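Colleague: Just need the structure, nothing else, for what follows:
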Amino acid sequence: MRKNIVTVAKELNLAPSTVSKVLNNNGKVSQKTRDRVMAYVKEVGYFQDASARILKSKRSYTLGILFSDISLVGLEHPFFSSILQSFKNYVEKEAYEIIFVVSKVGEREMSYLEWCLTKKVDGVLLVSGNLNNPYIKELVASDIPCVSTDFIMPNLTTIISDNQQGIDLSVAYAKSLKRSKIDMIAGPSTSIAFQLRMDRFHEVMNKSKNPYFVIEAKGFGYQSGYDAAIRLLEQATRTPEYVIVGSDDLAFGAIRGFESKGFKVPDDISVIGFDDINFARIYSPALSTIRQDKKAIGEMAALKLIQMIQEKEPKKTEVIKIPVTIIERASTKIKN
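Modeller: Purely as a prediction, here's the structure:
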């Protein structure tokens with residue numbers, strides 16, 4: 001069987017990118033590992049063919065991951081961690097290694113672009129962050145292939161859930177429950193996904209001509225959802241019957257906020273979230289929500305990024321929407 005960089009790496013129990021660095025004579029690899037790789041490829045007659053291919057492609061087989069977590073949850077983030085895992089599984093099958101992009105090495109501050117050029121990454125996945133960050137804008141404007149699961153901006157390919165579809169499903173579901181007093185607790189508008197959901201809610205509700213209220217949470221987690229629910233009850237001129245919340249994490253807090261004021265969920269107020277993280281089904285009451293296909297998002301991001309790298313496609317503004325589904329659980333089911 002013809003050897004390739006993946007099979008060589010597997011037989012030596014190394015990452016494909018490590019083998020690539022040895023054959024391309026760059027990157028930080030121990031001398032012991034270099035000697036082992038060189039001895040092996042010489043033995044199997046792979047060296048000349050593989051080396052020529054790598055030198056010709058001028059690729060490092062390393063992809064950068066930019067995860068600037070504005071929610072401060074880190075890599076345990078219940079939504080983005082699943083996307084990352086899906087992305088990682090896909091690219092590793094294609095002989096790529098991932099490395100996290102940072103803006104500081106030791107005491108030295110550098111831009112994301114400078115870091116990527118220094119590390120010679122082939123492309124970058126932008127997972128999350130503040131879309132107003134100048135370092136992010138600089139990276140997207142560069143020649144380095146980039147895809148995102150969070151930002152929408154010029155010259156960027158973005159793979160996101162169909163947020164508008166999610167809001168449409170949520171509002172239609174409220175009507176099926178015969179609940180007309182529909183309000184929203186939106187996530188911070190610094191996130192494009194939250195902004196898209198809020199914009200669509202305004203659009204749909206304005207068409208219905210029913211009065212409604214929107215509260216924008218000040219943060220991303222449980223406490224922010226709790227506080228937003230209290231503010232909604234204080235500012236609305238009538239008690240809501242059905243509240244669409246911008247994320248599951250916010251919805252968990254919102255439910256407890258409503259309960260703290262004597263309202264029962266779902267008997268008095270139905271609550272639906274957005275994401276369908278694992279905890280949603282075991283929360284009390286189990287959370288109705290809009291399920292995002294995290295696996296499909298991660299895989300599509302990997303496919304598009306590798307395609308851009310291999311085919312040397314010019315950057316373009318592209319938004320690929322992954323369909324969502326509604327999950328009905330106890331937080332919206334009204335007892336007879």
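Colleague: what about Gln85, how many residues close to it?
Modeller: Other residues within reach of Gln85, judged by other CB atoms under 10 Å, total 13. All C-beta atoms are positioned from the backbone trio N, CA, C, and that covers glycine.
Colleague: Which neighbouring elements make contact with the helix or strand hosting it?
Modeller: Assigned by DSSP states H and E, Gln85 belongs to helix 80-93. In terms of contacts (3 or more CB pairs under 8 Å, 6 or more residues apart in numbering; DSSP states H and E), helix 80-93 is packed against strand 62-67, strand 97-100, strand 123-128, helix 294-311.
Colleague: make it 7 Å
Modeller: Contacts defined by 3 or more CB pairs under 7 Å, 6 or more residues apart in numbering; DSSP states H and E place helix 80-93 against strand 62-67, strand 123-128, helix 294-311.
Colleague: so Tyr283 makes contact with Phe252?
Modeller: Yes: using CB atoms under 7 Å, Tyr283 makes contact with Phe252 at a distance of 5.9 Å.
Colleague: out of those two, which sits in the busier spot?
Modeller: The neighbour comparison of Tyr283 against Phe252 (other CB under 10 Å) goes to Phe252, with 24 against 18.
Colleague: Report the contact partners of the residue nearest to the more buried one when sequence neighbours are not counted.
Modeller: Excluding its sequence neighbours, the residue lying closest to Phe252 (CB to CB, 6 or more residues apart in numbering) is Tyr222, at 5.4 Å. Contacts here follow CB atoms under 7 Å, 6 or more residues apart in numbering; on that basis Tyr222 touches Asp249, Phe252, Gly253.
Colleague: Surely the second one touches Pro285?
Modeller: It stands for Phe252. No: using CB under 7 Å, Phe252 is not in contact with Pro285, being 10.6 Å away.
Colleague: Find the residues that touch each one of these two.
Modeller: Joint contacts of Phe252 and Pro285 (CB under 7 Å, 6+ apart) do not exist.
Colleague: All the strands of this protein, in order from the start?
Modeller: 62-67, 97-100, 104-105, 108-109, 123-128, 146-148, 157-161, 182-186, 214-216, 242-245, 270-272, 289-291, 318-322, 325-327 (DSSP state E).
Colleague: What segments of this protein are helices?
Modeller: Assigned by DSSP state H, the helices in the chain fall at 5-11, 16-24, 31-44, 47-57, 80-93, 112-119, 134-141, 163-176, 192-208, 222-235, 248-260, 294-311.
Colleague: Minimum distance to Ile272: which of those helices has it?
Modeller: helix 163-176 (5.4 Å; CB to CB).
Colleague: other SSEs contacting that closest one?
Modeller: Against helix 163-176 (3+ CB pairs under 7 Å, 6+ apart) you get helix 192-208, strand 242-245, strand 289-291.
Colleague: Go through these and name the closest to Glu11.
Modeller: strand 289-291 (40.1 Å).
Colleague: quick check: domain ranges of the chain?
Modeller: 5-57, 62-160+294-321, 163-292 (automatic domain parsing).
Colleague: separation between Tyr135 and Glu234?
Modeller: Distance, Tyr135 to Glu234, by CB to CB, to the nearest Å: 39 Å.
Colleague: Looking at the two, which one has more neighbours?
Modeller: When neighbours are counted by other CB under 10 Å, Tyr135 and Glu234 differ, and Tyr135 comes out ahead with 19 against 9.
Colleague: Contact partners for the more buried one?
Modeller: Tyr135 touches Ser103, Ser111, Tyr112, counting by CB under 7 Å, 6+ apart.
Colleague: what's the distance between it and Leu250?
Modeller: 27 Å.
Colleague: I'd say Gly27 and Lys21 touch.
Modeller: Yes: if you go by CB under 7 Å, Gly27 and Lys21 touch, sitting 3.4 Å apart.
Colleague: and the two? which has more neighbours close in?
Modeller: Using other CB under 10 Å as the criterion, Gly27 and Lys21 rank with Lys21 on top: 24 against 14.
Colleague: right, and that one touches Arg34 too?
Modeller: No: the pair Lys21 / Arg34 is not scored as a contact, 8.6 Å apart, by CB under 7 Å.
Colleague: Need the winner for burial among the strands of the chain.
Modeller: Highest mean neighbour count among the strands of the chain (mean count of other CB atoms under 10 Å): strand 242-245, with a mean of 30.
Colleague: The helices and strands packed on helix 163-176 into CSV, with extra columns for distance to Gly298 and mean pLDDT?
Modeller: Formatted as CSV, those follow (distance: least, CB to CB, whole Å; pLDDT from 0 to 100):
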stretch, distance to Gly298, mean pLDDT
helix 192-208, 15, 95
strand 242-245, 24, 98
strand 289-291, 15, 98
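Colleague: Please identify which of the ones you listed is closest to Leu126.
Modeller: Here helix 192-208 is closest among the helices and strands packed on helix 163-176 (CB to CB), at 11.2 Å.
Colleague: What are the buried residues along the closest one?
Modeller: Using 16 or more other CB atoms under 10 Å as the burial criterion, the residues of helix 192-208 that qualify are Ile192, Ala193, Phe194, Gln195, Leu196, Arg197, Met198, Arg200, Phe201, Val204, Met205.
Colleague: Next, give me the two most distant ones among these.
Modeller: Ile192 and Met205, at 20.4 Å, using CB to CB across those.
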